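Asks: sequence first, predicted model second:
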Amino acid sequence: MKKILLIIIVLFGLNQTQAQVSYCDSLDISITNQTMNDITLSSGLSVNAIPGIVNLDWILYLSNGTVFAQDTTTNPTFSINQWNMDSLPICLTTLIDINGNVWTCYVCDTIVWNGTSWMLMSMAQPQTSYCDSLSYTTVPGTQTLMATGNSSLSLNMIDSITWLWTACNSSTCYTAYGDTAMFTSILTTDTVKLCYDAYVYFMGQPYVCTECDSLVYDGFSYSWVLLNMGNPTGVNELVLESINNNKMYDLLGRELTEVKVGQMYIRNNKKYIRVK
């Protein structure tokens with residue numbers, strides 16, 4: 001009889017656990033209506049269906065973290081200046097009190113302008129590939145190698161872009177910063193490896209995009225073009241200097257003072273294995 005009562009109590013407890021409602025799981029932020037200047041939000045909660053007291057606290061921030069606006073209604077409407085279209089973080093804190101049992105729910109997102117409408121970053125980010133939106137062009141009509149970084153990203157969706165350039169000929173590498181890079185030391189007879197690292201900043205988080213190409217100067221179009229597309233005035237082969245100093249290294253490039261039997265090592269750019 002005791003065993004039967006124990007089983008009934010356990011089953012009753014399981015049913016009670018499964019019947020509990022996690023109101024926070026129903027909380028999200030969505031845009032229900034918008035114009036360029038105004039935006040109306042929803043919490044996703046059916047407030048009238050909750051048998052208790054529900055307090056909502058909406059806070060809209062500027063991208064620098066300062067509070068832009070605040071509201072405590074169920075579906076707040078915020079006025080957004082169309083000339084200040086920026087990335088706007090939005091946070092919602094909800095307190096649900098049911099007979100003294102309190103749930104505290106917290107959710108945040110970011111409102112961004114995609115060029116035609118406002119949308120949530122949680123919806124936009126999986127569709128956004130920052131690096132696919134970047135490219136560069138060389139400036140035609142000049143013998144000086146000049147490259148300009150191009151972006152189809154709206155600055156309303158990101159904070160900034162920083163460009164770092166490197167141009168290498170067969171002997172030296174040169175660096176430049178900014179949207180446009182100019183390499184006056186590169187000659188038209190050089191074969192150039194041109195690379196850029198573009199740092200896209202959003203909400204303090206950098207996304208790094210890297211691109212490299214081999215360029216030559218085309219004497220017919222008077223511009224720098226891709227190696228496989230031009231009629232170069234000259235091509236310089238990149239020569240690697242071979243250093244034979246009889247030093248020994250393991251396969252990870254670490255210098256060795258002695259080699260054990262059966263160990264493979266590198267000396268003068270060749271692989272060896274000690275057998276005795």
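Replies: Yep, that arrived.
Asks: can you count the residues close to residue 54?
Replies: 19 (other C-beta atoms under 10 Å). No exception for glycine: its C-beta is placed from N, CA and C like everyone else's.
Asks: residue ranges of the helices in the stretch 1-150 of the chain, please?
Replies: In the stretch 1-150 of the chain, the helices defined using DSSP state H, counting those that start in this stretch lie at 2-19, 121-124.
Asks: which of the ones you listed comes out lowest on mean pLDDT?
Replies: Comparing mean pLDDT across the helices of the stretch 1-150 of the chain, the lowest value falls on helix 2-19: a mean of 40.
Asks: just give me how far stretch 100-107 sits from the chain centre.
Replies: 32 Å (C-alpha atoms, centre = their mean, to the nearest Å).
Asks: could you do stretch 195-215 as well?
Replies: Centre to centre, stretch against its chain (C-alpha atoms, centre = their mean), the figure for stretch 195-215 is 10 Å.
Asks: need the helix or strand of this protein with the lowest average pLDDT.
Replies: Using mean pLDDT, DSSP states H and E, helix 2-19 stands out as the lowest-scoring helix or strand of the chain, at a mean of 40.
Asks: next, the buried residues of stretch 195-214.
Replies: The neighbour-count check on stretch 195-214 (16 or more other C-beta atoms under 10 Å) flags 195-196, 198, 200, 202, 209, 213 as buried.
Asks: rebuild these as TSV, extending it with pLDDT.
Replies: Below are these laid out as TSV (pLDDT from 0 to 100):
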residue	pLDDT
195	93
196	92
198	88
200	85
202	73
209	87
213	92
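Asks: make JSON lines from these and add secondary structure to it.
Replies: Listed next are those as JSON lines, based on DSSP: H, G, I helix; E, B strand; the rest coil:
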{"residue": "195", "secondary structure": "strand"}
{"residue": "196", "secondary structure": "strand"}
{"residue": "198", "secondary structure": "strand"}
{"residue": "200", "secondary structure": "strand"}
{"residue": "202", "secondary structure": "strand"}
{"residue": "209", "secondary structure": "strand"}
{"residue": "213", "secondary structure": "strand"}
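Asks: pick the one among the residues you listed closest to residue 258.
Replies: residue 195 (40.0 Å; C-beta to C-beta).
Asks: check contacts around the closest one.
Replies: Residue 195 is in contact with 165-167, 210-213, counting by C-beta atoms under 8 Å, 6 or more residues apart in numbering.
Asks: and the furthest pair within those?
Replies: Longest span within the contacts of residue 195, C-beta to C-beta: 167 and 210, 14.6 Å.
Asks: can you pull the contacts of the residue nearest the centre of the chain?
Replies: In the chain, the centroid-proximal residue (C-alpha atoms, centre = their mean) is residue 207; its distance is 3.6 Å. Going by C-beta under 8 Å, 6+ apart, residue 207 touches 130-131, 199-201.
Asks: how close does it sit to residue 159?
Replies: Going from residue 207 to residue 159 by C-beta to C-beta, to the nearest Å gives 11 Å.
Asks: and what of residue 172?
Replies: 34 Å.
Asks: looking at those two, which has the bigger crowd around it?
Replies: residue 159 (16 against 10).
Asks: now the phi/psi pair for the more buried one, please.
Replies: The phi/psi pair for residue 159 (degrees, to the nearest 10) reads phi -90, psi -50.
Asks: sorry, back to before: who touches both of residue 207 and residue 159?
Replies: Shared contacts of residue 207 and residue 159, counting by C-beta under 8 Å, 6+ apart, come down to residue 201.
Asks: was I right about residue 93 contacting residue 54?
Replies: No: Residue 93 sits out of contact with residue 54 when judged by C-beta atoms under 8 Å, with a separation of 11.6 Å.
Asks: neighbours of residue 182, just the number please.
Replies: Neighbours of residue 182 (other C-beta under 10 Å): 17.
Asks: just the element for it, please.
Replies: strand 180-183 (DSSP states H and E).
Asks: for that strand, what is the distance to the chain centroid?
Replies: Distance, centroid of strand 180-183 to centroid of chain: 25 Å (C-alpha atoms, centre = their mean).
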